[in-house]
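coords below, sequence missing:
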């Protein structure tokens, strides 16, 4: 009888242990599904293309409820656009992006030189529009805080350089490092003349937070599928334009086709070609200094050396969210990288 009781007890313990293991497995699957639902599409070699446009939350809901203060030089409806390049350039590239978005960093680190070159030639005007999708999906406030800091840099006439530095030093998507003011100040020191009391106050006070939130609301109202969203003269070109895959060469070709017979813009940036060289030098960790023109023609040179602790834009090439490095960035936008229409 005792042996039967003992066997029964063992059997009950085993069943309980098995149930606990099954519960652990279910919880693990649930967490994985939650993480997976935060991103859409696939960039070649496991890089993420788009981020689901989910409800925003976190710090943005709390700190961005004041009056909307647009940064200097902002244009467009409700002044939600930060322009760079010649104002009278024949073609316009619209870039919706999120500073925490890995796919946005992949785009920027692949196409930065090409965009600067086209801007310097008066062929292209770029309109940057900022979103905070990752904050809503992953939690935290780094998207909002980095966008506010970029707007503060625009006030100082150094948006282009600081924008590029942020993407060259983007942390892992799950690391909300941009939510720390000190990190934003550290990166500002890579842009000559940007780390000033006025810039620090603008960042710390969240001067443009409401403006960033208004921009994010415009993104959501636009029925876009994810970040980055890239439009050339209003037509989506990311990850493809028609049957052609986006690449630096194709972007140049598409702009040339659109501009055929048209005069280039005359209000060219100060030194966009130097900015292009700076971005290239950054990939090898040279630490040299160059200028990157802003839309207003002001000096916005940035130190090209990247943060050694960064997980994106390092000397080994852009990193995918899964940590894949060293791949040819032009291969990152393959046919498999189409944006899913996920909401």
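Nice, I can see it. Model, not experiment: these values are computed from the prediction.

relative to residue 186, how far out is the closest residue in space to residue 178 that isn't next to it in sequence?
The shortest distance from residue 178 to any residue that is not its chain neighbour, by CB to CB, 6 or more residues apart in numbering, is 3.4 Å, and that residue is residue 142. Heads up, the C-betas are built off the backbone N, CA and C, glycines and all. Residue 142 sits at a distance of 14 Å from residue 186 (criterion: CB to CB, to the nearest Å).

more crowded one of those two?
Between residue 142 and residue 186, residue 142 has the larger neighbour count (other CB atoms under 10 Å), namely 28 against 15.

rewinding a little: residues touching the residue nearest to residue 178, list them.
Residues in contact with residue 142, defined by CB atoms under 8 Å, 6 or more residues apart in numbering, are 99-100, 134-135, 171, 176-179.

just the closest of these to residue 113, please.
Taking CB to CB as the measure, residue 99 is the one of the contacts of residue 142 closest to residue 113, at 19.6 Å.

correct me, but that closest one touches residue 151?
No. With contact taken as CB atoms under 8 Å, residue 99 and residue 151 are classed as non-touching, separated by 11.3 Å.

overlap in contacts, the two.
residue 130.

which element is residue 94 on?
Element membership of residue 94 [criterion: DSSP states H and E] is strand 91-97.

tell me the mean pLDDT for that strand?
Taken as a whole, strand 91-97 has an average pLDDT of 98.

need the helices for this structure, in chain order.
Per DSSP state H, the chain has helices spanning 2-36, 59-63, 102-120, 133-138, 142-155, 159-168, 181-188, 197-205, 209-221, 248-259, 272-283. These are given in chain order.

mind giving me the packing neighbours of the fourth one?
Other elements packing on helix 133-138 under the criterion 3 or more CB pairs under 8 Å, 6 or more residues apart in numbering; DSSP states H and E are strand 50-51, helix 59-63, helix 142-155.

pick out the shakiest of the ones you listed, pLDDT-wise.
Lowest mean pLDDT within the helices and strands packed on helix 133-138: strand 50-51, a mean of 44.

wait, what's in contact with residue 80?
Applying CB under 8 Å, 6+ apart to residue 80 gives the contacts 70, 74, 129, 211, 214-215, 218.

just the closest of these to residue 157, please.
Once CB to CB is applied, the member of those that ends up nearest residue 157 is residue 74, at 12.8 Å.

circling back to that earlier point, what does the strand holding residue 94 contact?
Contacts of strand 91-97 from elsewhere in the structure, counted by CB under 8 Å, 6+ apart, are 104, 107-108, 115, 123-131, 219, 222, 224, 227-234, 255, 258-259.

again, only this time at 6 Å
104, 124-129, 131, 219, 227-233, 255, 258-259 (CB atoms under 6 Å, 6 or more residues apart in numbering).

ok, it: who's next to it in the sheet?
For strand 91-97, the paired strands and their directions (DSSP bridges) read strand 124-130 (parallel), strand 229-232 (antiparallel).

possible to save the ones you listed as JSON lines with mean pLDDT?
Shown next, in JSON lines, are these (pLDDT from 0 to 100):
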{"stretch": "strand 124-130", "mean pLDDT": "98"}
{"stretch": "strand 229-232", "mean pLDDT": "98"}
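
straight-line length of stretch 192-209, end to end?
Between the opening and closing residues of stretch 192-209 we find a distance of 24 Å, counting by CA to CA, to the nearest Å.

show the contacting residues for residue 79.
Counting by CB under 6 Å, 6+ apart, residue 79 has contacts residue 70.

repeat the analysis, applying 8 Å as the threshold.
Counting by CB under 8 Å, 6+ apart, residue 79 touches 70, 211.

ok, now residue 223?
Under the criterion of CB under 8 Å, 6+ apart, residue 223 has no contact partners.

gap between residue 67 and residue 206?
12 Å.

so the two - more neighbours on which side?
For residue 67 versus residue 206, neighbours defined as other CB under 10 Å are more numerous around residue 206 (23 against 6).

my read is that the more buried one contacts residue 148, right?
Yes. Residue 206 lies in contact with residue 148 (CB under 8 Å); the separation is 5.6 Å.

follow-up on the earlier one: make a PyMOL selection of the buried ones in the contacts of strand 91-97.
Selection command for PyMOL covering only the buried members of these, criterion 16 or more other CB atoms under 10 Å:
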select buried, resi 104+124+125+126+127+128+129+131+219+227+228+229+230+231+232+255+258+259
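
if we can go back for a sec, among the contacts of residue 142, who's most crowded?
Taking other CB under 10 Å to define a neighbour, the member of the contacts of residue 142 with the most is residue 100, carrying 35 neighbours.

if anything else comes up later, I'll come back, but that's it for now.
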